[in-house]
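# The sequence isn't on hand, but the structure is:
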């Protein structure tokens, strides 16, 4: 890199994961979860400084930075191990609450999201859903390998109990909650405690 070059990086944010207790976001697609401190320390080894940064809380909880050659030092606070443990317990309590709310209930999953099979890992009750509702016509009739439920785009939510399946981004989750209520869902169940 020259002195005029900028490096742009977006990584999964440990701060966002812990703050929102989104443990389901720990999965096979990400090898590392960086905090501002760990990423800036890594960049400092190569004499790069962070000149701008932002947390994207709405899209999966990312840390975005711009760096250039310059004076180097670690930025940000250390994320304590105790806060990671607290986030895990909070997440598991949310999942347990969701489990209890699904007992003896017929329900539909709304949102055939890419990461829905990961949610099934924590919430095997998804297998009891009648089907997965999604507006994407190209998904109609498809099924996930480990979640053998039909995906339907000809669905009705009026007076139905609806579990939101697309929880990985706050924006998608919020839109589906709004859609469920607009279409007359009796109850809307969100597996996580943050929207």
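Now that the structure is in, tell me what you want to look at. Computed from a predicted model, the values in this text were never measured in an experiment.
# so where does the residue nearest in space to the middle of the chain fall, helix or strand?
In the chain, the residue lying closest to the centroid (C-alpha atoms, centre = their mean) is residue 168, at 2.4 Å. In the assignment (DSSP states H and E), residue 168 maps to no helix and no strand.
# residues of stretch 169-187 that come out buried?
Buried residues in stretch 169-187, counted by 16 or more other C-beta atoms under 10 Å: 169, 170, 172, 173, 176, 177, 179, 180, 185. C-beta: built from backbone N, CA, C; applies to glycine.
# go on, stretch 12-27?
Quick answer for stretch 12-27 (16+ other C-beta under 10 Å): 12-25.
# can you redo these as TSV with distance to residue 147?
Putting the buried residues of stretch 12-27 into TSV (distance: C-beta to C-beta, whole Å) gives the following:
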residue	distance to residue 147
12	23
13	27
14	28
15	30
16	26
17	23
18	27
19	28
20	24
21	23
22	20
23	19
24	14
25	18
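# helix or strand right after the host helix or strand of residue 90?
Using DSSP H and E, residue 90 maps to helix 81-102. Toward the C-terminus, helix 81-102 is succeeded by strand 108-110 as the next helix or strand (DSSP H and E).
# elements contacting that next one?
strand 132-133, strand 161-164, helix 170-182 (3 or more C-beta pairs under 8 Å, 6 or more residues apart in numbering; DSSP states H and E).
# No further queries at this time; thank you.
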